[in-house]
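Q: sequence-free structure coming up:
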């Protein structure tokens with residue numbers, strides 16, 4: 001993307017978020033829904049396909065460009081980004097990384113336009129950060145595949161038009177081997193979606209359980225065709241690395257908003273006849289958050305550049321996700337502290353962001369999983385004893 005085009009996109013998204021979405025944040029949180037007009041605008045702006053190549057109808061952003069976009073998206077409720085995050089991220093990337101050309105041409109343009117919404121069905125009750133416990137199975141039956149199992153906490157499942165379902169195709173394979181990915185359209189007989197989960201935060205972003213009871217799909221539903229058999233987790237791992245860098249950038253954007261809220265409150269809230277901004281202990285809290293924000297932003301951009309250059313697509317994204325998700329939690333905690341009692345009240349932005357931020361340390365690989373990945377990359381075989 002040309003620098004001037006990127007600047008135009010970022011400017012338009014910034015204006016849209018701050019003028020149109022921020023005023024609706026409390027409504028979104030209370031109603032657990034994004035207004036339809038906001039969804040329509042996101043589609044018009046190309047946000048459903050920012051990471052999908054131009055040849056398939058997307059904006060074709062590099063990860064470095066995408067990180068800058070995520071900085072803007074992080075300024076508001078993460079439920080907004082969740083609308084189209086899976087299309088661009090772990091679901092769309094499954095097709096980009098592992099799909100056949102026919103699958104890419106069939107699905108990616110519709111993902112990029114927002115005509116369809118995708119979900120990524122990997123997590124199960126006993127298979128989250130560690131996929132070795134994956135229990136969903138897919139067996140051949142003539143020219144079809146028959147899938148059985150259940151998935152948990154699947155983002156956008158209640159509104160998904162297609163689900164990328166990970167299933168064990170080789171029951172003899174150990175650990176994360178023997179897993180394949182299938183395109184399962186909504187409405188396929190045997191596919192059912194549970195009720196929406198009632199979460200701690202991130203209201204407006206819907207998750208639910210997914211149940212597959214003798215779901216039959218044709219051979220062409222196997223991502224990658226025959227070459228994709230037993231390659232599902234390798235594909236997922238590549239997609240998750242991209243997603244981790246994106247989530248890190250989103251956390252940086254949210255930290256920027258929290259710093260802004262803290263600064264503005266400290267300037268106007270008075271104690272003892274003067275703004276609390278004049279108290280050095282308040283200044284210390286804000287200084288720590290400003291520094292955390294700077295560090296996170298610099299780390300994410302450096303990691304994104306290395307990812308785009310192909311020099312680090314594993315350790316860097318994990319380090320960025322680990323640091324930034326922990327960092328935004330610290331910044332959110334300080335923001336509540338700066339606000340005092342007001343920071344604990346519903347209807348105050350920092351209270352909502354405090355709840356929203358907690359999830360970032362869990363999904364797309366917990367902080368502990370990131371520590372394992374980072375350490376194993378650094379230590380090599382020695383890390384395995």
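A: Cool, the structure landed. As the structure is a prediction and not an experimental result, all values here were calculated from the model.
Q: At which residues are the strands of the protein located?
A: 118-121, 137-141, 144-155, 162-168, 179-185, 191-196, 207-218, 270-271, 274-275 (DSSP state E).
Q: Check which residues of the third one are buried.
A: Which is strand 144-155. 145-155 (16 or more other Cβ atoms under 10 Å). C-beta: built from backbone N, CA, C; applies to glycine.
Q: Which secondary structure elements does that strand sit against?
A: Judged by 3 or more Cβ pairs under 8 Å, 6 or more residues apart in numbering; DSSP states H and E, the packing partners of strand 144-155 are helix 78-88, strand 118-121, strand 137-141, strand 162-168, strand 179-185, strand 207-218.
Q: rewinding a little: can you lay out the strands of the chain as a markdown table showing mean pLDDT and distance to residue 344?
A: Formatted as a markdown table, the strands of the chain follow (pLDDT from 0 to 100; distance: least, Cβ to Cβ, whole Å):
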| stretch | mean pLDDT | distance to residue 344 |
| --- | --- | --- |
| strand 118-121 | 94 | 34 |
| strand 137-141 | 96 | 47 |
| strand 144-155 | 97 | 27 |
| strand 162-168 | 96 | 38 |
| strand 179-185 | 96 | 43 |
| strand 191-196 | 97 | 26 |
| strand 207-218 | 98 | 26 |
| strand 270-271 | 93 | 17 |
| strand 274-275 | 96 | 21 |
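Q: Distance to residue 128 added to the ones you listed, as a markdown table?
A: Listed next are these as a markdown table, based on distance: least, Cβ to Cβ, whole Å:
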| stretch | distance to residue 128 |
| --- | --- |
| strand 118-121 | 12 |
| strand 137-141 | 18 |
| strand 144-155 | 8 |
| strand 162-168 | 12 |
| strand 179-185 | 14 |
| strand 191-196 | 17 |
| strand 207-218 | 13 |
| strand 270-271 | 45 |
| strand 274-275 | 45 |
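Q: right, and those strands - which one's nearest residue 85?
A: Distance to residue 85, taken as Cβ to Cβ, is lowest for strand 144-155 among those, at 7.7 Å.
Q: gap between that closest one and the chain center?
A: 20 Å (Cα atoms, centre = their mean, to the nearest Å).
Q: For residue 261, which residues are in contact?
A: The neighbours of residue 261, taking Cβ atoms under 8 Å, 6 or more residues apart in numbering as the test, are 335, 339, 349-350, 353.
Q: and with 7 Å instead?
A: 335, 349-350 (Cβ atoms under 7 Å, 6 or more residues apart in numbering).
Q: Kindly report the same for residue 331.
A: Contacts of residue 331 by Cβ under 7 Å, 6+ apart are 255, 258-259, 289, 292-293.
Q: go with 10 Å
A: Applying Cβ atoms under 10 Å, 6 or more residues apart in numbering, one finds that residue 331 lies in contact with 251-252, 254-259, 262, 285-286, 288-293, 296, 350, 353-354, 357.
Q: same check, this time on residue 237
A: Residue 237 makes contact with 97, 131, 176, 313-314, 365, 373 under the criterion Cβ under 10 Å, 6+ apart.
Q: Mind pulling up the pLDDT for it?
A: Among the per-residue scores, residue 237 holds a pLDDT of 86.
Q: For residue 247, which of the helices and strands packed on strand 144-155 is the nearest?
A: Taking the helices and strands packed on strand 144-155 one by one with Cβ to Cβ, helix 78-88 is closest: 8.7 Å.
Q: what about the closest one, average pLDDT?
A: 95.
Q: what's the offset of it from the middle of its chain?
A: That offset, for helix 78-88, works out to 7 Å (Cα atoms, centre = their mean).
Q: which residues touch residue 344?
A: 336, 350-351, 354.
Q: Can you give me the separation between it and residue 333?
A: Using Cβ to Cβ, to the nearest Å, residue 344 is found at 12 Å from residue 333.
Q: How about residue 112?
A: Going from residue 112 to residue 333 by Cβ to Cβ gives 37 Å.
Q: likewise residue 302?
A: Taking Cβ to Cβ, one finds residue 302 at 26 Å from residue 333.
Q: again, but for residue 81
A: Taken as Cβ to Cβ, the span from residue 81 to residue 333 is 22 Å.
Q: Give me the more crowded residue out of the two.
A: Taking neighbours as other Cβ atoms under 10 Å, residue 81 and residue 333 compare with residue 81 leading, 27 against 17.
Q: chain center to stretch 215-225: distance?
A: 25 Å.
Q: Which positions in the longest helix seen in the chain come out as buried?
A: Longest helix of the chain, by residue count under DSSP state H: helix 232-268. Neighbour-count burial for helix 232-268, with 16+ other Cβ under 10 Å as criterion, is recorded at 232-233, 235-259, 261-263, 265-266.
Q: do the same with stretch 293-307
A: Taking 16+ other Cβ under 10 Å as the criterion, stretch 293-307 shows 293, 296-297, 299-301, 303-307 as buried.
Q: Give the rounded mean pLDDT of that stretch.
A: Stretch 293-307 comes out at a mean pLDDT of 98.
Q: ok, now stretch 29-45?
A: Here stretch 29-45 scores 97 as its mean pLDDT.
Q: Endpoint to endpoint, that stretch covers what distance?
A: Terminal residues of stretch 29-45 are spaced 23 Å apart (Cα to Cα, to the nearest Å).
Q: List the buried residues of it.
A: 29, 34, 38-39, 42-43, 45.
Q: same question, stretch 267-279
A: Of the residues in stretch 267-279, those buried (16+ other Cβ under 10 Å) are 276-277.
Q: what about that stretch, distance to the chain center?
A: 38 Å.
Q: Stretch 84-99 too?
A: A distance of 11 Å separates the centroid of the chain from that of stretch 84-99, by Cα atoms, centre = their mean.
Q: And for stretch 219-226?
A: 25 Å.
Q: Compute the number of surrounding residues for the spatially closest residue to residue 68 that is not a sequence neighbour.
A: Of all residues not flanking residue 68 in the chain, residue 10 sits nearest, at 6.1 Å (Cβ to Cβ, 6 or more residues apart in numbering). Neighbour count for residue 10, taken as other Cβ under 10 Å: 15.
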